[in-house]
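Chemist: Dropping the sequence and predicted coords here.
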Amino acid sequence: MAKVHPQAPSFSPYLTSEKETFTIWMKSLVYHTNGCTVYNSNGQIVFRVDNYEKKCSSEVHLMDLKGKVIYTIRKKKLQAFGGWDGYRLSGSDMKDSKPWFRVTRHCKMLMGDLACQITVGCDKYRIVRLTGKAAGFRIVSLDGKIIAEAKQKQSSSGVVLGDDVLSLEVEPHKDHSLIMALVMVYGLIRRKM
(Lines give C-alpha, C1' and ligand atoms only; values in the text may rest on other atoms or scores of the structure.)
Protein backbone atom coordinates (compact mmCIF):
# COMPACT_ATOMS: atom_id res chain seq x y z
CA MET A 1 0.00 0.00 0.00
CA ALA A 2 1.31 3.44 -0.97
CA LYS A 3 1.99 5.95 1.75
CA VAL A 4 0.29 9.31 1.59
CA HIS A 5 2.50 12.20 2.58
CA PRO A 6 0.72 15.45 3.48
CA GLN A 7 1.91 18.46 1.55
CA ALA A 8 2.37 21.84 3.09
CA PRO A 9 -0.32 24.24 1.96
CA SER A 10 0.83 26.80 -0.58
CA PHE A 11 0.57 30.34 0.73
CA SER A 12 0.48 33.46 -1.35
CA PRO A 13 3.47 35.72 -0.74
CA TYR A 14 0.96 38.58 -0.90
CA LEU A 15 -0.97 37.65 2.26
CA THR A 16 -0.14 38.65 5.83
CA SER A 17 -1.80 37.97 9.15
CA GLU A 18 -1.49 41.63 10.17
CA LYS A 19 -2.73 44.93 8.77
CA GLU A 20 -0.27 46.16 6.14
CA THR A 21 0.43 49.75 5.06
CA PHE A 22 1.76 50.61 1.61
CA THR A 23 2.85 53.85 -0.02
CA ILE A 24 1.68 54.29 -3.59
CA TRP A 25 3.57 56.80 -5.71
CA MET A 26 1.62 57.42 -8.90
CA LYS A 27 4.81 57.68 -10.94
CA SER A 28 6.71 55.04 -12.83
CA LEU A 29 10.38 54.42 -12.09
CA VAL A 30 10.95 54.01 -15.84
CA TYR A 31 11.79 57.32 -17.48
CA HIS A 32 9.03 58.81 -19.69
CA THR A 33 6.37 56.21 -18.89
CA ASN A 34 3.11 56.29 -16.98
CA GLY A 35 2.45 54.00 -14.04
CA CYS A 36 3.06 53.75 -10.34
CA THR A 37 5.42 52.31 -7.76
CA VAL A 38 4.29 50.66 -4.52
CA TYR A 39 6.45 50.49 -1.38
CA ASN A 40 5.84 48.39 1.73
CA SER A 41 6.20 49.75 5.28
CA ASN A 42 9.95 48.94 5.18
CA GLY A 43 10.46 51.17 2.13
CA GLN A 44 11.01 48.26 -0.28
CA ILE A 45 9.40 48.25 -3.72
CA VAL A 46 6.85 45.44 -3.86
CA PHE A 47 4.71 46.26 -6.91
CA ARG A 48 5.01 48.42 -9.98
CA VAL A 49 3.07 49.36 -13.05
CA ASP A 50 4.98 50.61 -16.07
CA ASN A 51 2.62 51.74 -18.81
CA TYR A 52 4.74 52.31 -21.91
CA GLU A 53 1.77 53.50 -23.95
CA LYS A 54 -0.36 56.57 -23.45
CA LYS A 55 -1.86 57.49 -20.11
CA CYS A 56 -5.05 55.49 -19.37
CA SER A 57 -4.29 52.82 -21.94
CA SER A 58 -6.64 49.88 -22.44
CA GLU A 59 -4.18 47.33 -20.97
CA VAL A 60 -1.76 47.59 -18.05
CA HIS A 61 0.26 45.04 -16.09
CA LEU A 62 0.74 44.89 -12.33
CA MET A 63 4.21 43.46 -11.71
CA ASP A 64 6.42 42.54 -8.81
CA LEU A 65 9.80 44.25 -8.34
CA LYS A 66 11.52 41.91 -10.82
CA GLY A 67 8.96 42.58 -13.57
CA LYS A 68 6.98 39.34 -13.29
CA VAL A 69 3.40 40.05 -14.32
CA ILE A 70 0.95 39.32 -11.49
CA TYR A 71 -2.20 40.75 -13.10
CA THR A 72 -3.05 41.98 -16.56
CA ILE A 73 -5.85 44.51 -16.51
CA ARG A 74 -7.85 45.12 -19.70
CA LYS A 75 -10.50 47.68 -20.44
CA LYS A 76 -13.69 46.12 -21.79
CA LYS A 77 -14.90 47.43 -25.10
CA LEU A 78 -18.41 48.80 -25.58
CA GLN A 79 -19.23 49.13 -21.89
CA ALA A 80 -21.64 52.01 -21.16
CA PHE A 81 -20.07 53.16 -17.88
CA GLY A 82 -16.66 51.57 -18.30
CA GLY A 83 -15.57 48.12 -17.26
CA TRP A 84 -12.29 46.39 -16.58
CA ASP A 85 -11.27 42.72 -16.43
CA GLY A 86 -8.31 41.47 -14.39
CA TYR A 87 -6.45 38.32 -15.42
CA ARG A 88 -3.80 36.38 -13.49
CA LEU A 89 -2.14 35.62 -16.80
CA SER A 90 -0.41 37.62 -19.49
CA GLY A 91 0.04 37.48 -23.25
CA SER A 92 -1.38 34.66 -25.33
CA ASP A 93 -2.35 32.66 -22.19
CA MET A 94 -5.29 35.06 -21.72
CA LYS A 95 -7.05 34.36 -25.03
CA ASP A 96 -9.48 31.73 -23.80
CA SER A 97 -9.34 32.39 -20.07
CA LYS A 98 -11.99 33.97 -17.89
CA PRO A 99 -11.18 37.09 -15.88
CA TRP A 100 -10.09 36.68 -12.25
CA PHE A 101 -12.06 39.82 -11.37
CA ARG A 102 -14.37 42.38 -12.98
CA VAL A 103 -14.79 46.05 -12.15
CA THR A 104 -17.75 48.07 -13.39
CA ARG A 105 -17.80 51.83 -13.10
CA HIS A 106 -20.99 53.57 -11.96
CA CYS A 107 -22.16 57.08 -12.64
CA LYS A 108 -21.91 59.41 -9.62
CA MET A 109 -25.43 60.82 -10.07
CA LEU A 110 -26.96 57.35 -10.09
CA MET A 111 -25.07 55.74 -7.20
CA GLY A 112 -24.05 58.53 -4.80
CA ASP A 113 -20.68 57.66 -3.26
CA LEU A 114 -20.27 54.39 -5.18
CA ALA A 115 -17.55 54.60 -7.79
CA CYS A 116 -17.12 50.96 -8.82
CA GLN A 117 -18.59 47.52 -8.27
CA ILE A 118 -16.16 44.58 -8.11
CA THR A 119 -16.79 40.89 -8.69
CA VAL A 120 -14.10 38.36 -7.70
CA GLY A 121 -15.54 34.90 -8.29
CA CYS A 122 -18.55 34.73 -5.96
CA ASP A 123 -17.38 37.66 -3.81
CA LYS A 124 -18.58 41.18 -4.44
CA TYR A 125 -17.00 44.42 -3.27
CA ARG A 126 -17.33 48.13 -3.91
CA ILE A 127 -14.91 51.00 -4.27
CA VAL A 128 -16.34 54.01 -2.44
CA ARG A 129 -14.96 57.54 -2.71
CA LEU A 130 -14.25 59.29 0.58
CA THR A 131 -16.17 62.54 0.92
CA GLY A 132 -14.05 65.64 0.63
CA LYS A 133 -10.91 63.63 -0.18
CA ALA A 134 -9.74 64.16 -3.77
CA ALA A 135 -7.78 60.91 -3.93
CA GLY A 136 -9.24 58.99 -0.98
CA PHE A 137 -11.31 55.85 -1.36
CA ARG A 138 -12.16 52.56 0.32
CA ILE A 139 -12.60 49.02 -0.91
CA VAL A 140 -15.49 47.56 1.09
CA SER A 141 -17.48 44.33 1.15
CA LEU A 142 -21.19 44.48 0.37
CA ASP A 143 -21.94 44.51 4.11
CA GLY A 144 -19.77 47.64 4.51
CA LYS A 145 -16.68 46.02 6.08
CA ILE A 146 -13.52 47.90 5.08
CA ILE A 147 -11.05 45.74 3.16
CA ALA A 148 -8.60 48.53 2.26
CA GLU A 149 -8.43 52.32 2.51
CA ALA A 150 -6.35 54.75 0.49
CA LYS A 151 -5.84 58.39 1.36
CA GLN A 152 -3.36 61.13 0.68
CA LYS A 153 -0.12 60.36 2.51
CA GLN A 154 1.13 62.51 5.36
CA SER A 155 4.69 62.60 6.65
CA SER A 156 5.35 61.64 10.25
CA SER A 157 5.37 65.38 11.12
CA GLY A 158 1.91 65.83 9.57
CA VAL A 159 2.88 67.43 6.27
CA VAL A 160 0.48 66.36 3.51
CA LEU A 161 2.35 65.06 0.48
CA GLY A 162 1.27 65.59 -3.13
CA ASP A 163 -1.96 64.11 -4.47
CA ASP A 164 0.13 61.55 -6.38
CA VAL A 165 1.33 59.92 -3.13
CA LEU A 166 -1.17 57.71 -1.32
CA SER A 167 -1.09 55.67 1.86
CA LEU A 168 -2.94 52.35 1.52
CA GLU A 169 -3.94 50.26 4.54
CA VAL A 170 -4.94 46.67 3.79
CA GLU A 171 -6.73 44.54 6.37
CA PRO A 172 -5.19 41.20 7.47
CA HIS A 173 -5.66 38.03 5.39
CA LYS A 174 -6.38 39.95 2.17
CA ASP A 175 -4.46 39.35 -1.05
CA HIS A 176 -2.30 42.47 -1.49
CA SER A 177 -1.80 41.81 -5.19
CA LEU A 178 -5.58 41.74 -5.79
CA ILE A 179 -6.06 44.92 -3.76
CA MET A 180 -3.28 46.61 -5.75
CA ALA A 181 -4.88 45.49 -9.03
CA LEU A 182 -8.16 47.07 -7.89
CA VAL A 183 -6.32 50.27 -6.92
CA MET A 184 -4.79 50.31 -10.41
CA VAL A 185 -8.23 50.03 -12.03
CA TYR A 186 -9.49 52.90 -9.89
CA GLY A 187 -6.44 54.95 -10.92
CA LEU A 188 -7.18 54.22 -14.58
CA ILE A 189 -10.82 55.22 -14.16
CA ARG A 190 -9.78 58.51 -12.53
CA ARG A 191 -7.15 59.02 -15.27
CA LYS A 192 -4.30 59.10 -12.75
CA MET A 193 -2.21 56.45 -14.47
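Modeler: Arrived safely, thanks for sending.
Chemist: Enumerate every residue touching W25.
Modeler: C36, T37, V38, Y39, D164, V165 (C-beta atoms under 8 Å, 6 or more residues apart in numbering). Yep, even glycine has a C-beta here, placed from its N, CA and C like the rest.
Chemist: Beta-bridge partners for the residue nearest to the fourth one when sequence neighbours are not counted, please?
Modeler: Looking back up the chat, that one is Y39. Leaving aside its chain neighbours, Y39 sits nearest to T23 (4.5 Å; criterion: C-beta to C-beta, 6 or more residues apart in numbering). For T23, the beta-bridge partners are Y39, S167 (DSSP bridges).
Chemist: Just name the shakiest helix or strand of the chain by mean pLDDT.
Modeler: The weakest-scoring helix or strand in the chain, judged by mean pLDDT, DSSP states H and E, is helix 108-111 (a mean of 50).
Chemist: From the chain's centroid, how far away is the helix or strand harbouring M63?
Modeler: M63 belongs to strand 59-64 when assigned by DSSP states H and E. On the basis of C-alpha atoms, centre = their mean, to the nearest Å, strand 59-64 sits 10 Å off its chain's mean C-alpha point.
Chemist: Could you do stretch 37-55 as well?
Modeler: 11 Å.
Chemist: hang on, the earlier thing: quick one: the residue nearest to Y39 and Q44 touch, right?
Modeler: No - at 10.6 Å, T23 does not count as touching Q44 under the criterion of C-beta atoms under 8 Å.
Chemist: Please enumerate the strands of the chain.
Modeler: Counting by DSSP state E, one finds strands in the chain at the ranges 20-25, 34-39, 45-51, 59-64, 69-75, 83-87, 101-105, 114-120, 123-129, 137-141, 146-152, 165-170.
Chemist: Reformat those as CSV; add distance to V185 and mean pLDDT.
Modeler: Listed next are the strands of the chain as CSV, based on distance: least, C-beta to C-beta, whole Å; pLDDT from 0 to 100:
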stretch, distance to V185, mean pLDDT
strand 20-25, 13, 94
strand 34-39, 12, 88
strand 45-51, 11, 87
strand 59-64, 9, 89
strand 69-75, 6, 90
strand 83-87, 5, 91
strand 101-105, 5, 89
strand 114-120, 7, 82
strand 123-129, 8, 91
strand 137-141, 11, 93
strand 146-152, 13, 94
strand 165-170, 14, 94
